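*Asks:* this is a predicted model, with the sequence first.
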Amino acid sequence: MKKKVIALLMAVTMAFGLAACGSSPDASDGGDKNSTDQGSEDKGSDDAGKDSSADSGEKILSVQIGPNPETIDPALNSTVDGGNMLLHAFECLLTIDQEGQVAEGQAEKWESSDDGLTWTFQLRDGLKWSDGSDLTANDFVYSWKRVCDPNVASPYVDTVLSMVEGFDEAVAGDLDALQVEATDDKTLVVKLSAPCTFFDKLAAFATLSPVQQATVEANGDKWATAPETYISNGPFYIAEWVPSSYLLMRKNENYWNKDAVKLDGIRFNLIEDANAAYSAYKTGEILMIKDVPTEEIPSLRENDDFYVEPIIGTYYLSLNLNREPFNDPKVRKAMSLAIDREYVAGTLMQGTYSAAGNFIGPGWLDTDGSEFMENANGGQPYMDNSDYEANLEEAKQLLADAGYPNGEGLPSLKYSTNDTAYHKVVAEYLQQAWAGIGMDIQVEIVEWASFTPLRRNGDFDSSRNGWVGDYSDPSNMLDVLFSSNGNNDGKYNNADYDAAMKEARKTIDPEKRSAALHKAEDILMEDMGCIPIAYYNDFWLQSSKVTGSWHSVFGYWHFMYADIAE
């Protein structure tokens, strides 16, 4: 793990390759890349919340990466914290290594045809599920088709499988139309309708993890809510789960690379209160915490155990475009112009994030390998924050042009957010900033387990949101605003935007593909289909006792091969 000097605004210009998704309690996002889990059986009042590994002498790494996840069903998860758990419990056909490169996973070899339309994956010998039963290529066929099942409603289905032949028919209910085939127990063949240069990265993405068909069919949606039925295939399996307390994973002795796993287990402490997490860290009860109290950051900046590293993603606001007045782009633009992004990122967020002038920020790569942001909008930010007072006057005029001079005629509106990291203080600032143009905004604080379902179901006026990249191609982020995408919380719907994204999906010409992606962002920012605020960094505390772990630009912490120094 590499310690970053707190030259944060420089750090975010680094570009990398693949791994996380959506959102997290403090990274929002997809971003946030969302509790309905029932957890393990009741242990009784004396034992509830007590880890059975305590004082056992086992090597259990205790960490905090978020509170109760909404779901840890690979097909349904769209958050970073849930994805981080999936990363340790499951393994896809391929993986992403410490250098951000695609590497072997359950498959030891893979290749694509010369025309890029056929991908073949060769699985390892002797693969097993955590319950010891055999895992074969047919398990991937079932799992990928399940992602397409309209009854499952995977929010990631468009992103990960829309390029596979037969996709449209599959998402309409004919799952067998999806051209994913096991030609034998060790060979998976996938046929695409158009070339996808990053399909190997998708094959490493958690949504496409294998799940055990018999277990899922026997238990329905509940299969992913209790250790007894949570059968996985990664380096760890779930042994205990006490909602709002902890989730304990133990080493999977049936994992093909078990000899490289040094830990006996990982305890994910499900803590939503950053101060409680910090207290546990200071006592040594927890050796790594993601949620650091923001008021502690000034005193922690020079500490060797305080880390700041860039991730590819954007903190943005979703507006419910199905509700007035957000269906009017003039209102959306006025709300965007009323925000002083430099103040938000530099002061409220203490320089740990960077002001966002575009939707696609640093680290996303254009088709020629350059920074996508450098080639966007003629090299200029879509939202110029250099003269905030001028922006404020323009915002007032736009609101008047929309029929709401000084906010007259507007109803009282809500802004929804969860209360971790900077979210509450940003919410209070937005309330004040929008009051400056005549808008009455009430802040609604929602617990994390309920927050992402609220957004997905459209039960909001305006809301904090965000997206952290799953791979470095900008289509990953732009797809979120495609009209039918399950992560399109604001329900942005623009035919020209969809057409540009469809063109980017089907063309094999790099220049045409780049032009289509840039056109899509142009349309999105002209419409202000969402409101970008800041570009992400991750910051956390981690004890020097933890060795062999790493953090990726996709917002994941990799502990599968970590150790604890004596």
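*Replies:* Looks like it came in fine.
*Asks:* after the helix or strand of the chain with the lowest mean pLDDT comes which helix or strand?
*Replies:* Using mean pLDDT, DSSP states H and E, the weakest-scoring helix or strand in the chain turns out to be helix 8-11, at a mean of 32. Of the helices and strands lying after helix 8-11 in sequence (DSSP states H and E), the nearest is strand 60-66.
*Asks:* would you mark the buried spots in stretch 129-147?
*Replies:* Buried positions in stretch 129-147, judged by neighbour count with 16 or more other Cβ atoms under 10 Å: 129-130, 135-137, 139-147. Bear in mind the C-beta positions are built from the backbone N, C-alpha and C, glycine included.
*Asks:* so which of these sit within helices?
*Replies:* Residues of these located in helices (DSSP state H): 137, 139, 140, 141, 142, 143, 144, 145, 146, 147.
*Asks:* could you dump these into TSV and include distance to residue 467 and pLDDT?
*Replies:* Shown next, in TSV, are these (distance: Cβ to Cβ, whole Å; pLDDT from 0 to 100):
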residue	distance to residue 467	pLDDT
137	32	98
139	29	98
140	26	98
141	29	98
142	29	98
143	24	98
144	23	98
145	26	98
146	24	98
147	19	98
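*Asks:* biggest separation within the residues you listed, which pair?
*Replies:* The span of these, defined through Cβ to Cβ, is set by 137 and 147 at 16.0 Å.
*Asks:* can you give me the neighbour number for residue 384?
*Replies:* 12 (other Cβ atoms under 10 Å).
*Asks:* how much space between it and residue 377?
*Replies:* Distance, residue 384 to residue 377, using Cβ to Cβ, to the nearest Å: 10 Å.
*Asks:* likewise for residue 323?
*Replies:* 29 Å.
*Asks:* of the ones in helices among the buried residues of stretch 129-147, which is the nearest to residue 559?
*Replies:* Comparing those against residue 559 with Cβ to Cβ places residue 143 closest, at 24.1 Å.
*Asks:* please name the residues that touch the closest one.
*Replies:* Residue 143 makes contact with 74, 75, 208, 209, 210, 211, 213 under the criterion Cβ atoms under 8 Å, 6 or more residues apart in numbering.
*Asks:* out of those residues, which are buried?
*Replies:* 74, 75, 208, 209, 210, 211.
*Asks:* could the contacts of residue 143 go into a markdown table alongside secondary structure and pLDDT?
*Replies:* Shown next, in a markdown table, are the contacts of residue 143 (DSSP: H, G, I helix; E, B strand; the rest coil; pLDDT from 0 to 100):
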| residue | secondary structure | pLDDT |
| --- | --- | --- |
| 74 | coil | 97 |
| 75 | coil | 97 |
| 208 | helix | 98 |
| 209 | coil | 98 |
| 210 | coil | 98 |
| 211 | coil | 98 |
| 213 | helix | 98 |
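*Asks:* save the residues you listed as a markdown table, and put in distance to residue 115 too.
*Replies:* Output for those, formatted as a markdown table (distance: Cβ to Cβ, whole Å):
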| residue | distance to residue 115 |
| --- | --- |
| 74 | 30 |
| 75 | 29 |
| 208 | 22 |
| 209 | 28 |
| 210 | 27 |
| 211 | 31 |
| 213 | 32 |
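*Asks:* among these, which two are most distant?
*Replies:* 208 and 213 (15.0 Å).
*Asks:* which of the ones in helices among the buried residues of stretch 129-147 sits closest to residue 427?
*Replies:* residue 147 (33.9 Å).
*Asks:* so the closest one versus residue 153, what's the distance?
*Replies:* Residue 147 is 10 Å from residue 153, by Cβ to Cβ.
*Asks:* sec struct for residue 249, please.
*Replies:* What DSSP: H, G, I helix; E, B strand; the rest coil gives for residue 249 is strand.
*Asks:* surely it and residue 87 touch.
*Replies:* No. Judged on Cβ atoms under 8 Å, residue 249 makes no contact with residue 87 at a distance of 10.8 Å.
*Asks:* more neighbours, these two?
*Replies:* Shown here are residue 249 and residue 87; by other Cβ under 10 Å, residue 249 has more neighbours (29 against 26).
*Asks:* tell me the contacts of the more buried one?
*Replies:* Neighbour list for residue 249: 85, 88, 89, 236, 237, 238, 239, 265, 266, 267, 268 [criterion: Cβ under 8 Å, 6+ apart].
*Asks:* same thing with residue 342?
*Replies:* By Cβ under 8 Å, 6+ apart, the contact list for residue 342 reads 355, 385, 388.
*Asks:* among those, which one lies nearest to residue 550?
*Replies:* Relative to residue 550, and with distances defined as Cβ to Cβ, the nearest of the contacts of residue 342 is residue 355, at 27.9 Å.
*Asks:* burial measure for residue 99, as a count.
*Replies:* So residue 99, with other Cβ under 10 Å, has 10 neighbours.
*Asks:* other SSEs contacting the host helix or strand of residue 216?
*Replies:* Here residue 216 sits within helix 213-219, counting by DSSP H and E. The contact analysis (3 or more Cβ pairs under 8 Å, 6 or more residues apart in numbering; DSSP states H and E) places helix 213-219 against helix 137-148.
*Asks:* after the helix or strand containing residue 314 comes which helix or strand?
*Replies:* Applying DSSP H and E as the criterion places residue 314 in strand 306-319. Once strand 306-319 ends, the next helix or strand along the chain (criterion: DSSP H and E) is helix 329-337.
*Asks:* buried sites along that next one?
*Replies:* 330, 331, 332, 333, 334, 335, 336, 337.
*Asks:* tell me where this structure is predicted with low confidence.
*Replies:* 1-56 (pLDDT under 70).
*Asks:* residues in contact with the helix ranked longest in it?
*Replies:* When the chain is parsed with DSSP H, its longest helix is helix 510-527. In this structure, residues lying in contact with helix 510-527 by Cβ under 8 Å, 6+ apart are 329, 332, 358-360, 366-368, 372, 375-377, 382-383, 474-475, 478, 481, 492, 494, 496-497, 500-501, 503-504, 507, 530.
*Asks:* buried residues in that helix?
*Replies:* Neighbour-count burial for helix 510-527 [16+ other Cβ under 10 Å]: 513-525, 527.
*Asks:* and these as TSV, adding distance to residue 446?
*Replies:* TSV is the format used below for the buried residues of helix 510-527 (distance: Cβ to Cβ, whole Å):
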residue	distance to residue 446
513	38
514	38
515	40
516	36
517	33
518	35
519	35
520	30
521	29
522	33
523	31
524	26
525	28
527	27
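*Asks:* what's the closest of those to residue 447?
*Replies:* Lowest distance from residue 447 to those (Cβ to Cβ) belongs to residue 524, with 30.2 Å.
*Asks:* quick one: residues contacting residue 418.
*Replies:* Taking Cβ under 8 Å, 6+ apart, we find residue 418 in contact with 25, 445, 446, 447, 448, 451, 464.
*Asks:* in JSON lines: the residues you listed, plus neighbour count, distance to residue 537 and secondary structure.
*Replies:* Below are these laid out as JSON lines (neighbours: other Cβ atoms under 10 Å; distance: Cβ to Cβ, whole Å; DSSP: H, G, I helix; E, B strand; the rest coil):
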{"residue": "25", "neighbour count": "29", "distance to residue 537": "16", "secondary structure": "coil"}
{"residue": "445", "neighbour count": "13", "distance to residue 537": "24", "secondary structure": "strand"}
{"residue": "446", "neighbour count": "19", "distance to residue 537": "24", "secondary structure": "coil"}
{"residue": "447", "neighbour count": "15", "distance to residue 537": "25", "secondary structure": "coil"}
{"residue": "448", "neighbour count": "24", "distance to residue 537": "20", "secondary structure": "helix"}
{"residue": "451", "neighbour count": "29", "distance to residue 537": "21", "secondary structure": "helix"}
{"residue": "464", "neighbour count": "27", "distance to residue 537": "17", "secondary structure": "strand"}
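*Asks:* just flag the most distant two among those residues.
*Replies:* Most distant of the contacts of residue 418, by Cβ to Cβ, are 447 and 464, 13.6 Å apart.
*Asks:* quick one: the strands in the stretch 51-200 of the chain, in order.
*Replies:* Using DSSP state E, counting those that start in this stretch, the strands of the stretch 51-200 of the chain run over residues 60-66, 94-96, 102-104, 107-112, 118-123, 180-184, 187-191.
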